[in-house]
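Chemist: how would this look folded up:
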Amino acid sequence: MREYAKVDHIGGETGVVSALATPGGALYFFCKLFVSGAPCRLRIGRYIGLMKLSLPALLVTAATLTAAPLYAQTAPAAPDPMPSFASLFRELPADFQHLVSPQAVVILGIGGGVSAAVHPNDVRFTRDATTTHALEESLDSGQYLGDGFVQAGGAFATYFVGRMSHNTRVATIGAELVRAQIVAGALTEGLKLSVNRTRPNGQSLSFPSGHSSASFATAAVLQRELGWKVGTVAYAFASYVAVSRLSENKHYASDVAFGAAIGILAGRSITMTVHHGTHDLTLAPIAAPGGGGVGVNWTKAR
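Modeler: Below is the predicted model of the structure:
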């Protein structure tokens, strides 16, 4: 059940080319980009199987989005341009700028508060999850489906399905998913290296959870673009992935809580101005006899 294909190093131009020519090598390449840890251990067979199974679902999604408009329009509007491959990276500077915002303070404040609240019980929560056999078995798939390079692969697949089917809407969502994974991955890896918290299993780079941030970044984008009917399912899936990190003895509850906050922030930052306008949150002090408070004003402008 826990057999690994282990790759320690790919050296030289010939090694890189030959590695990328195989499915396992391509998966290793994505793993090195989005998953921390050396050596990179991959359950290659199951990952390839999951990626193959995901393609029909993506095709069905593309067909569904083609057949039925997601948003009713009261007046004709110019079609959105098809996002180019270069735009996946050209928009990243603006995406990172959007991280510096009042919503970042709110989201990270909530995530940090929850993380701090559960921190005293970190060891107990992880121990309970790992020693409950039925729970551990039912959550096994989370370690595959929430992996950073699997999430990124699904995002790229969605983008290319949209491009190949000439469906701008699907391609746009795929592009946003790709950018959200890049932003979430950069934030997560930066914190991992800075904090360097020891995992429950003795390994390093525990805080925050990369699986959690990647899954919640996907959920945030899907909710913003497709509404809460899809968003509820996406967030439930992300929560499943987050809990699986405890049952696999890879993370503490505080790791996954803050990872979720990072993912949500990344997804919402990507979609801040696409289809949703810009948002401003204003805080103002309020003086009153014998006390005071803070006034909050949330506005949305297109």
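Chemist: so Ser206: helix, strand or coil?
Modeler: Following DSSP: H, G, I helix; E, B strand; the rest coil, Ser206 is assigned to coil.
Chemist: thinking it is in contact with Thr188, fair?
Modeler: No - using Cβ atoms under 8 Å, Ser206 is not in contact with Thr188, being 11.4 Å away. All C-beta spots, glycine's among them, are computed from the backbone N, C-alpha and C.
Chemist: comparing the two, which residue is more hemmed in?
Modeler: Remark: of Ser206 and Thr188, Thr188 carries more neighbours, 28 against 21, as counted by other Cβ atoms under 10 Å.
Chemist: how many neighbours does Ser84 have?
Modeler: 11.
Chemist: backbone dihedrals for it, please?
Modeler: Backbone torsions of Ser84, given as degrees, to the nearest 10, read phi -80, psi 160.
Chemist: ditto for Gly202
Modeler: phi 90, psi -10.
Chemist: low pLDDT regions in the stretch 151-300 of the chain?
Modeler: Counting by pLDDT under 70, the stretch 151-300 of the chain has low-confidence residues at 273-300.
Chemist: how about the strands in it?
Modeler: Secondary structure of the stretch 151-300 of the chain, counting by DSSP state E, counting those that start in this stretch: strands at 278-288, 291-301.
Chemist: quick check: Phe207 touching Ala253?
Modeler: No - taking contacts as Cβ under 8 Å, Phe207 lies outside contact range of Ala253: 11.1 Å.
Chemist: quick one, which of the two is more surrounded?
Modeler: Ala253 (24 against 21).
Chemist: once you drop chain neighbours, what's closest to Ala171?
Modeler: If the residues on either side of it in the chain are set aside, Ala171 comes closest to Gly162, at 2.9 Å by Cβ to Cβ, 6 or more residues apart in numbering.
Chemist: look up how far Phe89 lies from the one you found.
Modeler: 17 Å (Cβ to Cβ, to the nearest Å).
Chemist: tell me which of those two has more neighbours.
Modeler: Under the criterion of other Cβ under 10 Å, the comparison of Gly162 against Phe89 puts Gly162 first, with 25 against 11.
Chemist: residues contacting the more buried one?
Modeler: 62, 168-174 (Cβ atoms under 8 Å, 6 or more residues apart in numbering).
Chemist: I'd guessed Ser209 sits against Ala261; true?
Modeler: No - between Ser209 and Ala261 there is no contact under Cβ under 8 Å: 10.7 Å.
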